[in-house]
Each structure stands twice: as structure tokens, then as C-alpha cells.
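S.K.: Sequence first, then the predicted structure, then my questions.
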Amino acid sequence: MAAAREKGKALGKSVRYGESKSPFVLGSIVRIFMENFLTYTVCEVHPGPNLNVVLGANGTGKSSVVCAICLGLAGKPSFLGRADKIGLFVKQGCMKGVVEIELFNSPDNIIITREIYVVSNASVWFINRKPATLKTVEEQIAALNIQVDNLCQFLPQDKVGEFTKLSKTELLEATEKSIGSPEMYQFHCELKNFREKERELENLCREKTTSLEKMKQRVERYKQDVERYHECKRHVDLIEMLERKRPWVEYENVREQHEEVKQNRNQVKKELKCLKEMRTPWTKKIQEAEENLDNLDMKTRDNTAEIRNISQKCKEKQDALEMKDKQIEEINQAFRMKKDEETNRQKKIHQTQKIIEEWQNELDTMAVCENLQPQVDAVNTELRKLQEERANIDNDISDLRAEKNNQEREEKRIIDRLGQLNNIMHMKEENLKMRFRDTHTALMWLRNNKDKFKKNTCEPMMLEVRDHQKLRVNAVCAPAESCAEKLPSRPIEELHRYGFFSYLRELFDAPLPVMSYLCYQYRVHDVPVGTEKTRDMIERVIQETNLRQMYTAEERYIIKVSSYTKQNLSSNTCLREAQYLTSSVDMDERGQLENQRQDISNTLKSLDARLTALFDRQKLLENKDNKLRQEKKELLERGNQRRQLESKIGVKYDSLRQLEQDAIDLEKEFQLANVKIKEINKQKAELVTELMHLMRRIIPLNIVKVALALQMTRVTAERNRLQSEYKAGTVQLRAAQQRFHELDDRKHLLYERCIELMEQARFVCRLGPDQGFPEEFQVAFQTLPDTLEEIDAFLNEEKTRASCFTGLSASIVEEYNKQTQEIEQLTEYLEEKKNELNNYKQNISQVKEKWLNLLKVMIEQINGKFSRFFSSMQCVGEVDLHMENEEEYEKYGIRIRVKFHSSAELHELSPYHHSGGEKTVSTMLYLMALQELNRCPFRVVDEINQGMDPMNERRVFEMVVETACKKRTSQYFFITPKLLQNLTYHEKVTVLLVYNGTFMLETHKWNLKRIKRRHRRLTRMNE
């Protein structure tokens, strides 16, 4: 990427060299750089200044260049018609994409870079490698007259059909923006705005003139009652003056009350100050008492801590003394145990000697044993025979039991499996019934009518039954020759290195006809199934194995060979979750299980009979064995009694000797115990001495503790006395404060009442906040009463007189004056709007003349070129200005009329009257007519020649070459997947061939000169 950008910089410098002689027009595209954008990993394009023919097969990335131009110049994704999110234009698998457009400018080119991020679906902009905002980029592009959203300038592949759908008005505006002077479109917009304002003013003047006549008629009716109203006005004015003076008199009364309360409050405030000053000494004494209490409390805590520490040490010494007593007791207990042990030893020696004497006497009296060995041997022989027979029977029973258990387990497994099969079958039938009711009905019918079929049928029923039930279900027939055992094209072992472990056929079971049909129709015996390893190396697998279909754990791959390039084209789809084959029932297995279950039942009955016979024989042999063993036991006891007695006497002699050797020296043990006790008593004496010393230390501390407690009691009593006196003073202070607050609240209420009355009086007199009392009010108030009672009486009298004038109201005079004033205002307003309307008409006339002159010249130029292009094709085409009403400027438009056949008449170009090829030719020729007049720096047309027949395509291409290769014309991009042979080209045509594939060179490694040199060298070598 870095190398590609350096190359682009070098080319940009070469373009800037000799700017006055550069073939590029201002704003032309000098370089296009793409990284991780759509189909490109890294790509850099250097277009020519005139016609650029971008040629390549479908899918190679031609339209990706168009998308890069649009998005790199601040175009919106929706205009391209491909995707609505900018992140979808980043190459699949990448997180970031870059588009960089270098535009020709003087003195230095402009480089606009757009970085696109997939995660945030956002873009970052740069101008000349410096960060910039989208608004700055749009302003820079607009200054160069680049309009990627104007179909007359930028016509992407997916928008070709929309051009013919443009209305005449939209086509006029797009043409004005594309080739018209900047003021032309501005004049058009001004005319539409002026006409809208003119229309509004005309309607307004009509409405206001009608309203003015009605208002004049209404004023004449109000004039009669105005004079009678003025007679009543004098009494009303006097009433108003009395009502104005009354709040001032009331205010003065409340103000006097406020002054009296204020004086009382100040007196109480002085008393409150004196009480507060008296409280200060009490507060100081209480604080001193609190400090003394704190000091005594601190000393008491220190004393208590020391006492607690010494007490803890005393407790430790007492615990140590108790431990020493326990040690002495343990020593005495150990000595007593040794003494008891010696006593027990003497007793055991005496008892052993007594037992030996008794057994010796019994041995002396016992006769010599007779020879019983022949009888014992005979009994042993019988026992051995019985044991062998019993062992054989036990082995037979064990074998039969094992066989029975195995049969029972097998029976249970078969029953469980049958239950699973029945449950799966039921679930499958319910699923089939719910999803495909006709198929379920056909399945039930099949089970009841299997005898009607000549050959075997497989469930579920896949048959289109056209009988009276009128069911519609699919059916297939297995091939005549079975394909179920057909071998794959290669052994699976050859594919193991690619991660394949099996063919699809080996992964499921099916009846033979079904398997034969699947192998015949879908070749499941030759479709390998791979693992994650296969997916990771899928490109290598496609290239090396020549497989046409394969599966991995999550995807299915289909490989086809391109008819054009003979290259492998692969497509992959994600595997959906299993819906219908997640559970299946093997009917052969079900029948085999039922037969096995019956065989096992018969076997179990035979085993039970054999076991019963063996148990009876085993019981008989067991009784005989017990009798022989009892007989053997009696014979052995008779022969072993003397030997056992001699052995017991020997054992007792050994025990006696051991007891005599284990004697304990009690005197020595007693002396050792006394030594240990003396040592412990010495340690106890030391502990008692230390304990007495601690007791002597703790007594003075307890005396100090009592003294401190007495001092604290005395100081606490003094503090409580001071607090009581302080509380009494506080009660008196609170009473004074309460009285002060009451007076203060009363003062504030009266003050607020004064303020309220003052505001009311000023409001009644209509005085402002800072306005002084008018002199006219002072003069008028002097002639009026000074007390509230007199004012109220005089006010009632005047109101009675004023009430005699009935049927009159101030609204009549107000309405009269209001209507008169409105008539004057409306007359002035109407005159003003009429002048404004005249001004708009003058402006419209001036702007219309300028706009129409420019517009007619532009349309004449377009019509001349458009007609000439059509004439060269033996057709007729015209472009004219269309208007429904001369004053409706928003409905002005450009009308394109064409005639492709000599027998036809000129018809307006529309998507309904003309074919796709005719619309495409007309669109292309219109755009070519704009080419020489265009003031935009470049034009893009994507695959517009695809709907043309060869003759029109050749003619249109020749016109494009002729028009776009003229001197100082704007840059032109012509995108197409193919071109006709033997077309006419120009030396200014730049052909950009778009290739894409696995073996393409990277952008920075592409060197056309080096490739040509190598081609020439190889040619010479071949010659």
C-alpha cells in the first residue's frame, strides 16, 4: 500500500508539472486508490484526462471503481442503489476500508481520503492527509462543481433505469446544475420563489380590499351611541377618582398602626439584649465545670486502666498457682496408679500359678488318645466329593443366573428401544400431520391398502394419489438398477488430508430403494463431508480436488466451471437446522426387536426351570455336608483335647515368666515423686511472693480511685446547679424572644399589608414602580372626602346616578375607535402590499428575461447536438423547452422527443412507449450532447451499452470517442463488461482493463514496461 501511494504521489507531481499545459481540467480525477474496498484488497487506478474505458468481465470489480468515486467524493450509499450502510462497502472479513481520490487543481492537487469503519458504520475524512469534517469535504467538492448525486453527471449501473423515469422538471434542474452557468439555476430558483410570493400577495390584496369595504360599513352603525356615552363618562370618572383615593386613605391608616407596633418591638428588643448579656457568666462557669469533669474523668480512666492491668497480672499468678497444684495432684495420681499396677501384677501371678496347677492335675488324669485317623480320612473323602459336586452346581447356577440377567437386560433394552421407536414414530406422524396434512392422510391410507401395490412401498407415502380423496402428494420411483452400493469416484482415504472423514451416504441409513434413489439422483455416495479443517483450507480444496459438491459442519459448497474463463466458481450456503430428519424409525429394526423379545421370553422360561432343579439338588447336598462335618468335628475334638491342654499350660508358663519380669520398684518411684513435688512447691512460693507484691501496689490505686469519684460527684453537683439556673434564665429569655417574634411578625404583616395597599393604590391609579404621584391626582384628591366612611357614602351616590344611563357601554366607543384605527391601518397595509406586488412583478420580469435567454441558448445547443447525433444514426431526436403555463416556473421542463423509425412520429421519451434499447440510446446521446457543454470536471456512465443492439452500440461508442476526446473537454468514464470488435479508437482514449483472480499481481508490483520488455525477450528467445 505504501509503495502504491508513493507511485500515486509521483504521478500527481508529474500532472502538476507545467500546469498551464496539463490536459486535465479543474476537478478531474488524477488517481483513485482503494484498500479493502468491495472486491479489492489494494488497488490504484490512474485514469486519463479524456475518455476512460473501464473494461472487465462481470464480477471483476468495474462497478467497485464507480462506487469508490461516488463514496470518495462524499456521495451517499443510497444513491448507488447497492446498500444503505457505508460499512457494507468494506471487503468481507476486514474491519476498515480506505478510498482515496486525487483531484486536479492549481497549483496543487487535492487528495480526499475516506476511511470506512465496519464496527461503528462511520467514516473519517482527510483532505491532503489532514483530518477534515464531512461539511468541509462537501464544500471543497461543490467548489469544483462535482455533483455525484446528479444523474446527468454520475450515472451508476443501478440508476440507469431511473434516468428515463426523471420528469421533465427534474431533467431541467439536473441539466441546469450539470452544464448551466451557476446563475442560471439560481435565476430559476429565484423565479419560483418570486412567483410563489407574487401569488401570495395577489391573494392577500384581494382579501384585504374586501375586508376594508366591510369595515367601513360597520363603523357607520356605531356612531349614534357615542355621544350619549360621553354624558355618562363624567360620573364614571368621578367614581373612578373616588375609587383611586380610597386605597390611599386605607394605606395611611395601616401605616400608622405599623409605626406603633414597630416602636413596641424595638423596646422588647432592648430587653432581650439585656437578658442575653446576663447569660454569658453562667455559660462560662458551666464550661469550666465541664472541663473539670473531663479532667477527672481522664484521670479516673487512667487509674482504672492501671488497676485493671495489675488485676490481670494477679489473676495470671493465681492461675499459675492452680496449675502447680494440678501438677502435684497428677504426680500423686501417677504414683498411686503404679502402686495399683504392682498389686494387680501380684494377683495375676497368683491366679496363673493356680490355673497351671489345675490344668496339670487334669493332664495327669487324662488317658492316652486312641488312633482316630482312618475314620477322619474317610469323612474327608466324602466331604471332598460333596464339595466338588456342590461347586459344579454353584457354577451352573451362577452361569444360569448370569445368562438370565443378560437376557433380562437385553429384554429391557429391547422394550426401551421399542418404546423410543414408537414415541419417535408418533412424534414424526404428528409433525407430518401438522405440516403436511395431505401427506399424513396418504400415509394412513397406505397402511390400510398395502395389498393394492404390486411392489414394496416405503413410508412416509410419497405418492400423488388421484382417487376420490383428491390428495396431492409427491412420489418418486427408485431406479430399476440399484445404485445403493455404488462406489465413490475415489476412496475417502485420499481426502483425509483435506479434513474429509466420510461420504454423505455413510452418515445415514435408509431403506434400500430410498438409498438407491438418493445415490442415483443426488450422488450422495460421492459427496464428501469435512470438518473445520476443510473450511479453513477451502480454496486449496477447490483447486486440488476438482470436487463439484462438498459439506462442512456448517456450510455447503457447490463448485461450477465458468463458461467464459473456464475457472472454478464456488458458492457456499449455510446449512439450516434439521427439521424433518432429526428423528427416524427403522421398521426393519422394529421387526427384529419384536422377534428378539419373543425369543428372550422363551429362553427365560427354560432358564427358570433349570434353576429350580439345581436349587433342589443343592439343598440336598447341603444337608448331607452338614452331617459329615458334624461327625468330623466330634472325631477331631476327641484327638485334639490332650494336645490343646498341653499347649495352654505352656502358654500360661510363658505368661507367668513375663509377669515376674515386669515387677515395679515402689520405693524408687516414691522418691522420684517427692523430688518433683518439692521443685513445684518452690515455684509456688515464688508465685505467692509476686502475688503479694502486686496486691500491695493495687491498694493505693483503689484509694485514689475513691478520691477521684468523690471529686467528680462534687463537681457534677456544681454543674447541675449552674445548669438549673441557666435553664431558668433560658425560660425567661424564650418568653422575651417569643414576645419579640410576635411583635416582629405583626410588624411584618402590617408592612406587607402597607406594601400591598400601596401597590393596590398605585395599580388603581395606574402608576409605574418608579413613577411619582401626579400633581393632577393631588389636586383632584383635595376636593374629595378624607375618611373611608365619607368616601364610601359619596361613592354610592355617584354610582346610583351613573346607573341611570342604561344600554351604554365603553365597548361601543372602543369598538368605534378600534374600527376607525383598523381602517386606517388596513388602508396603509394594503397600499404597502400593492407596492410590494409591483416590485415582485418587476423582479420577475427582469429575472425571467435573463433566465429564459440563458435557458433557450442552452436548450438550443443541446438540441443541435442531440439532433445531430440522432441524424447520424438515421433517426430523429429533438430537445425543447416545455411549459404548461408561462407563469408557472416550477413546471418548466426539458422534453426529449425521439423517432427511431421513418414511419413513426416523434414521441416524447418515456419508459412506457419506448423499448429498453431505445431508452438507453436516447439517454446516452443526451449525455453526449451535454459533454461538450458540461462545466462539470468529469462524467461517469456505468454499463449503459448493455441494452443496445450491435449497430447502435457501435455508433454510440464512436460518438462517445469523438466527443470525449476533443481538446479541453471534461473527463469521461465509460464502464462496460465487453466491447464490439473493430471499434474506432482515439489516441486520447485510456483503456483500463479490470482483472481479478488468485494469480493477479499486487498493485505495487505491476510494471507495464517491465512486462513488455520480458515479452520481447521471450519472443526473441522463441525465434
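M.R.: Thanks, I have the structure now. Source: prediction; values computed, not measured. Numbering: from 1, shown residues only.
S.K.: List the buried residues for stretch 86-93?
M.R.: In terms of neighbour count (16 or more other Cβ atoms under 10 Å), stretch 86-93 has its buried residues at 86, 87, 89, 90, 91. No exception for glycine: its C-beta is placed from N, CA and C like everyone else's.
S.K.: mean confidence for it?
M.R.: Averaging pLDDT along stretch 86-93 yields 87.
S.K.: Between the two ends of it, how far is it?
M.R.: 15 Å (Cα to Cα, to the nearest Å).
S.K.: Use 55 as the first number for this chain going forward.
M.R.: Got it, first residue is 55 now, which makes that one stretch 140-147.
S.K.: ok, and what's touching it?
M.R.: 90-95, 121, 125, 131, 136-137, 150-151, 170-177 (Cβ atoms under 8 Å, 6 or more residues apart in numbering).
S.K.: now do stretch 606-616
M.R.: By Cβ under 8 Å, 6+ apart, the residues outside stretch 606-616 that reach it are 583-586, 588-589, 592, 596, 601-605, 621-629.
S.K.: Output the contacting helices and strands for the one helix or strand residue 257 maps to.
M.R.: Assigned by DSSP states H and E, residue 257 belongs to helix 236-276. Counting contacts by 3 or more Cβ pairs under 8 Å, 6 or more residues apart in numbering; DSSP states H and E, helix 236-276 is packed against helix 222-233, helix 864-926.
S.K.: Could you single out the most deeply buried of these?
M.R.: helix 222-233 (a mean of 21; mean count of other Cβ atoms under 10 Å).
S.K.: What mean pLDDT does that helix get?
M.R.: On average, helix 222-233 scores 68.
S.K.: Mind checking the pLDDT average for the top helix by length along the chain?
M.R.: The single longest helix within the chain, with elements called by DSSP state H, is helix 280-419. Mean per-residue pLDDT for helix 280-419: 79.
S.K.: helices and strands around that helix, which ones?
M.R.: Helix 280-419 sits against helix 641-715, helix 720-818, helix 829-836, helix 842-856, helix 864-926, with contacts defined as 3+ Cβ pairs under 8 Å, 6+ apart.
S.K.: Between helix 280-419 and the first one, find me the angle.
M.R.: Just to be clear, that refers to helix 641-715. Counting by axes from the mean of the first three to the mean of the last three Cα atoms, to 10 degrees, helix 641-715 lies at 50 degrees to helix 280-419.
S.K.: Relative to the whole chain's centre, how far out is helix 641-715?
M.R.: 75 Å (Cα atoms, centre = their mean, to the nearest Å).
S.K.: And it, what does it pack against?
M.R.: helix 280-419, helix 427-489.
S.K.: Next, give phi and psi for the residue lying closest to residue 124 once chain neighbours are set aside.
M.R.: Ranked by Cβ to Cβ, 6 or more residues apart in numbering and with sequence neighbours excluded, the top spatial neighbour of residue 124 is residue 202, at 4.9 Å. The phi/psi pair for residue 202 (degrees, to the nearest 10) reads phi -80, psi -10.
S.K.: Do I have it right that residue 202 meets residue 129?
M.R.: Yes: between residue 202 and residue 129 a contact is recorded at 4.0 Å, counting by Cβ atoms under 8 Å.
S.K.: Those two: which is more packed in?
M.R.: Between residue 202 and residue 129, counting by other Cβ atoms under 10 Å, residue 202 is the more crowded of the two (22 against 19).
S.K.: Could I get the full set of helices for the stretch 55-204 of the chain?
M.R.: Taking DSSP state H, counting those that start in this stretch to define them, one finds helices in the stretch 55-204 of the chain at 56-70, 116-126, 131-134, 188-197.
S.K.: just so I know, which of the helices and strands packed on helix 236-276 lies nearest residue 813?
M.R.: Nearest to residue 813 among these is helix 864-926 (25.0 Å), distances taken as Cβ to Cβ.
S.K.: Report all helices and strands that that closest one contacts.
M.R.: helix 222-233, helix 236-276, helix 280-419, strand 930-936, strand 947-953, helix 970-985, helix 1004-1018.
S.K.: if you set the cut-off to 6 Å instead, what comes out?
M.R.: helix 236-276, helix 280-419, strand 930-936, helix 970-985 (3 or more Cβ pairs under 6 Å, 6 or more residues apart in numbering; DSSP states H and E).
S.K.: Save the ones you listed as TSV, and put in mean neighbour count too.
M.R.: As requested, these are exported to TSV (neighbours: other Cβ atoms under 10 Å):
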stretch	mean neighbour count
helix 236-276	15
helix 280-419	14
strand 930-936	18
helix 970-985	23
